[in-house]
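In: no sequence for this one, just the structure:
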């Protein structure tokens, strides 16, 4: 399945902070076919550093999508049955408007004059896209990590448009620890003199700071056990006392490689804006109980977490499940066994596929019965 | 109890890497009195960023020692009964020779020409100090975190000198995850242009990189729960959309404060050398089983870990306990309930005091009976 990222443009988008972005570009991909009554559409929401290329092989880069193991013919999100869409997030750097985009008012990149964005803003732009596609209601909204936060925001902000929601390895609000890890990444970027208050476009980007930020991220995405299995204490260079502070252990070489690789495909200012949006995320907006906030949703929920995920631990998913149950909402919870930590939603797909496939089939069948009854 | 750090100098120290440091300065403090038969001496080993000022109030700075809650009259390490010593570690920057010290061969600071050091080297210097103090055998060696690693190294390298060992919140070897967190800190320092390949003495130190490294450390020292209790999602600045990327959450302000505070009291090159020594630490030296390595020890062991410590999790302490038991060594294990994460050994001292006090009293009584029997 060869795919191409497509682009569209919207006149304007009003943000939670009151600012208005105009115009707003959006990158997207679609897989499978929309059925006649437009009842089989699924919106997939990417994680922090993802993009619109969720499945298939990119014509441009030749690489598979970030969730290619889950999306395709016969897979969890079966493109023989469903029409799957994925968009690059607002504030991103992979085709959708973000801090690296040109501000039409100045002819220069927005950089740090880009307005503060929230998860609500990201979802609002996705809703414009879904409506532009002529789709009134989504069979499902789903994603892991930051995508899970958006899947919850969708169900509470636009309840009539969401038949089901599948938040995976997510949370209903960022915790102090999650904020802290993001803050370290931001500080690493902003400590790099090449960041230059965000004005590095056309010059040298803050590659060292961004690489350090990514290294912190990678540790939090893995588990103690998956790191041990992958690297143990294997030495990269046998002559370990030979050269000071070069790479001794394989885990060091892996982190440095992933850090430097990230610099080629991600914009440091997007890192700042998107992590802030995650940190602001709290589906209650700080007012009232979680149950009261989730009560607005009418979607069926499938909530998934992973045993070894210490960045978005299962207790955070369980709080969502309990709150939904307390308001008699239709919710299924699966804590899946995995050693892969937070990365599990990307790599440990066998059990995940089973529960997602069954949940979607049940949701689709119920929707069809309801349509026939009407 | 007003205390003063004291200093002594040794002619030379030969290191595991083959290099020889000459001379070697050492900073130390002592509390309580050595008894007539010199049987009541305890050596306390500090954690990564600690120093020789473990207890009492410093005459110089007016601050209490880092383990003042555990060391003093009537406390866990009761200075009415025991003679307690603490030294600044080799490679440090608080009075003991480290990368910031003057290399007598050049008249300049060693900087990155300082030789690579190991936990074995740190302990070898401590042994020279103990012998210089005229003490042939230690009633106990103890410490948390990096201090725990040294307490294990002492018991295996100099078994005849160690009556008991109390490793707290430690490990017998650094795991891939522990190495990874240290590597991120090192990369943050080395990414700072002010680091200048380590040659910043007399100029501007790599303050931004060191602060970022310390921020990562602080997150790993706390638990998800202790961060939630301490900070939650409290906003520092109520007008959260007012000023971009300034401090929104209290946890951010705390981390930035602790990061910048650290810069005033710690040397970035010491950070590099000491974290490397921790990463190299493996009491088996990569050869044979843990049980075979620990069999060399003849000390009684009290191994302590804390439930919420995810940086040095309980399973690592349990591996030590199981290995010692498999060779019929005298070992007691206590996993203490705490929400404070790795910091628990410094702050959650009530239960820790009970188990340490009883263990030391039993060890001292057994030693006295043995002496009488002889």
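Out: Looks like it arrived, so ask away. Predicted model only: the values in this text are computed from it and were never measured. Residues are numbered from 1 along each chain as shown, chains lettered A, B, ... in the order given.

In: and residue A:356, what element?
Out: helix A:349-373 (DSSP states H and E).

In: Run through the neighbouring helices and strands of that helix.
Out: If contacts are counted by 3 or more CB pairs under 8 Å, 6 or more residues apart in numbering or on different chains; DSSP states H and E, helix A:349-373 sits against strand A:77-78, strand A:140-144, strand A:164-168, strand A:300-306, strand A:331-336. Every residue, glycine included, has its C-beta placed from N, CA and C.

In: Would you reformat those strands as CSV and include mean pLDDT?
Out: Output for these, formatted as CSV (pLDDT from 0 to 100):
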stretch, mean pLDDT
strand A:77-78, 98
strand A:140-144, 98
strand A:164-168, 98
strand A:300-306, 98
strand A:331-336, 98
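
In: Now residue A:195: closest residue in space that isn't a chain neighbour?
Out: residue A:206 (3.8 Å; CB to CB, 6 or more residues apart in numbering or on different chains).

In: which ones are touching the one you found?
Out: Taking CB atoms under 8 Å, 6 or more residues apart in numbering or on different chains as the criterion, residue A:206 is in contact with A:189, A:192, A:193, A:194, A:195, A:196, A:200, A:268.

In: ok, it to residue A:322 distance?
Out: Residue A:206 is 42 Å from residue A:322, where distance means CB to CB, to the nearest Å.

In: re the thing from before, can you lay out the helices and strands packed on helix A:349-373 as CSV showing mean neighbour count and distance to residue B:316?
Out: Converted to CSV, the helices and strands packed on helix A:349-373 look like this (neighbours: other CB atoms under 10 Å in any protein chain shown; distance: least, CB to CB, whole Å):
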stretch, mean neighbour count, distance to residue B:316
strand A:77-78, 23, 40
strand A:140-144, 29, 30
strand A:164-168, 29, 30
strand A:300-306, 26, 22
strand A:331-336, 18, 25
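
In: Quick one: closest of those strands to residue A:258.
Out: strand A:140-144 (18.4 Å; CB to CB).

In: In the sheet, which strands lie alongside that closest one, parallel or antiparallel?
Out: Sheet pairing of strand A:140-144 (DSSP bridges) gives strand A:41-45 (parallel), strand A:164-168 (parallel).

In: Is it possible to get a markdown table of those strands that adds distance to residue A:181?
Out: A markdown table is the format used below for the strands paired with strand A:140-144 (distance: least, CB to CB, whole Å):
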| stretch | distance to residue A:181 |
| --- | --- |
| strand A:41-45 | 21 |
| strand A:164-168 | 19 |
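
In: Figure out which of these is closest to residue A:122.
Out: strand A:41-45 (8.3 Å).

In: need the residues of the stretch 1-150 of chain A near chain B, please.
Out: Residues of the stretch 1-150 of chain A lying near chain B by CB under 8 Å from any CB of the partner chain: A:16, A:17, A:18, A:112, A:116.

In: The same query, at a cut-off of 7 Å, please.
Out: A:17, A:112, A:116 (CB under 7 Å from any CB of the partner chain).

In: Low-confidence stretches in the stretch 251-374 of chain A?
Out: Counting by pLDDT under 70, the stretch 251-374 of chain A shows low-confidence ranges at A:374.

In: one more time with 80
Out: Under the criterion pLDDT under 80, the flagged ranges of the stretch 251-374 of chain A are A:371-374.

In: show me where the stretch 51-200 of chain A has strands.
Out: Remark: strands assigned in the stretch 51-200 of chain A by DSSP state E, counting those that start in this stretch are A:57-58, A:71-72, A:77-78, A:83-87, A:102-103, A:108-109, A:140-144, A:164-168.

In: And for the fourth one, what's in contact with it?
Out: Going back to what we said before, that points to strand A:83-87. A:26-34, A:40-44, A:46, A:52, A:54-55, A:71, A:77, A:96, A:126, A:129 (CB atoms under 7 Å, 6 or more residues apart in numbering or on different chains).

In: Pull up the pairing partners for it, direction included.
Out: Short version: by DSSP bridges, strand A:83-87 pairs with strand A:24-31 (antiparallel), strand A:41-45 (parallel).

In: Need the winner for burial among those strands.
Out: strand A:41-45 (a mean of 27; mean count of other CB atoms under 10 Å in any protein chain shown).

In: tell me how far it is from the chain's mean position?
Out: 12 Å (CA atoms, centre = their mean, to the nearest Å).

In: Just want the angle from it to helix A:349-373.
Out: Strand A:41-45 runs at 140 degrees relative to helix A:349-373, counting by axes from the mean of the first three to the mean of the last three CA atoms, to 10 degrees.

In: Rounded mean pLDDT for strand A:41-45, please.
Out: When pLDDT is averaged along strand A:41-45, the result is 98.

In: Would you mind listing the outside residues contacting it?
Out: Applying CB under 7 Å, 6+ apart, the contact partners of strand A:41-45 are A:34, A:54, A:67, A:71, A:77, A:82-86, A:126, A:130, A:135, A:138-143, A:147, A:150-151.

In: Report pLDDT for the residue nearest to residue A:195.
Out: 97.

In: now the helices: where do they sit in the stretch 151-300 of chain A?
Out: A:176-191, A:207-221, A:224-230, A:250-263, A:268-280, A:290-294 (DSSP state H, counting those that start in this stretch).

In: mind putting those helices in TSV, distance to residue B:172 and mean neighbour count included?
Out: Below are these laid out as TSV (distance: least, CB to CB, whole Å; neighbours: other CB atoms under 10 Å in any protein chain shown):
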stretch	distance to residue B:172	mean neighbour count
helix A:176-191	27	25
helix A:207-221	21	25
helix A:224-230	14	18
helix A:250-263	18	19
helix A:268-280	36	24
helix A:290-294	42	19
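
In: now those in TSV, with distance to chain B?
Out: As requested, those are arranged in TSV below (distance: least, CB to the nearest CB, whole Å):
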stretch	distance to chain B
helix A:176-191	4
helix A:207-221	4
helix A:224-230	4
helix A:250-263	5
helix A:268-280	6
helix A:290-294	13
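
In: so which of the ones you listed gets nearest residue A:11?
Out: Closest to residue A:11 of these, according to CB to CB: helix A:268-280, at 21.5 Å.

In: now residue A:155: how far from chain B?
Out: Distance, residue A:155 to chain B, using CB to the nearest CB, to the nearest Å: 21 Å.

In: burial measure for that residue, as a count.
Out: Here the count is done by other CB atoms under 10 Å in any protein chain shown, and residue A:155 has 28 residues near it.

In: Between the two ends of stretch A:75-84, how far is it?
Out: With CA to CA, to the nearest Å applied, stretch A:75-84 spans 12 Å between its terminal residues.

In: Can you lay out the strands of the stretch 51-200 of chain A as TSV showing distance to residue A:229?
Out: Shown next, in TSV, are the strands of the stretch 51-200 of chain A (distance: least, CB to CB, whole Å):
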stretch	distance to residue A:229
strand A:57-58	29
strand A:71-72	27
strand A:77-78	28
strand A:83-87	30
strand A:102-103	45
strand A:108-109	42
strand A:140-144	21
strand A:164-168	22
